[in-house]
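S.K.: Below: sequence and its predicted model.
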Amino acid sequence: MSMNTIEQIKAHEGFRCHPYYCTEGALTIGYGFNLDSGGISEEEADLILSMRIEGIRMRLANAVPWYANMVPARQAVFINMTYQMGFNGFKSFKRMLKHAQLCDYELAAKEMLNSLWAKQTPERAAELALQMKSGEWQS
């Protein structure tokens, strides 16, 4: 498919970042992606997830300079938390971040568990806290 085809469809459809109802009444997003006709495929969802994770990784690398010094399993904890609660929600874990910066991962894990987030998603929080503490992948 040529770039002209893509650009033409983009121009005709227009981009909308939030769901809307098209002229036919179908729930739609992006460049006319009809969500009422079966949603998206798992392959499409995987692509979107990968792109969002990369965006989070880049934002963390810029906003948290010492993030790059952590092992990948601990970096993944930060990415996972940010994916779930957004960057502002993640940044609200000030004590956890301070302990992680000082490489006191046991206290960082305790701070993760001492939160509303851990009460709301206890299994996820427990797994990620153990991953933070140990530096080893948990799943």
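M.R.: That came in fine, so what should we check first?

S.K.: contacts, neighbours, all on C-alpha from now
M.R.: Will do.

S.K.: Tell me where the protein has helices.
M.R.: Secondary structure of the chain (DSSP state H): helices located at 3-13, 42-63, 72-91, 94-101, 105-113, 116-120, 122-134.

S.K.: and those, which is most packed in?
M.R.: helix 105-113 (a mean of 21; mean count of other CA atoms under 10 Å).

S.K.: where's that helix relative to the chain centroid, distance-wise?
M.R.: 20 Å (CA atoms, centre = their mean, to the nearest Å).

S.K.: what do you get for stretch 87-107?
M.R.: The chain centre lies 17 Å from the centre of stretch 87-107; the measure is CA atoms, centre = their mean.

S.K.: Also stretch 23-36?
M.R.: Taking CA atoms, centre = their mean, the mean C-alpha location of stretch 23-36 is offset from the chain mean by 24 Å.

S.K.: Buried residues, that stretch. List them.
M.R.: Ala26, Leu27, Thr28, Ile29, Gly32, Phe33, Asn34 (16 or more other CA atoms under 10 Å).

S.K.: distance of the most centrally placed residue in the chain from Gly25?
M.R.: The residue lying closest to the centre of the chain (CA atoms, centre = their mean) is Tyr83, at 2.3 Å. Here Tyr83 is placed at a distance of 31 Å from Gly25 (CA to CA, to the nearest Å).
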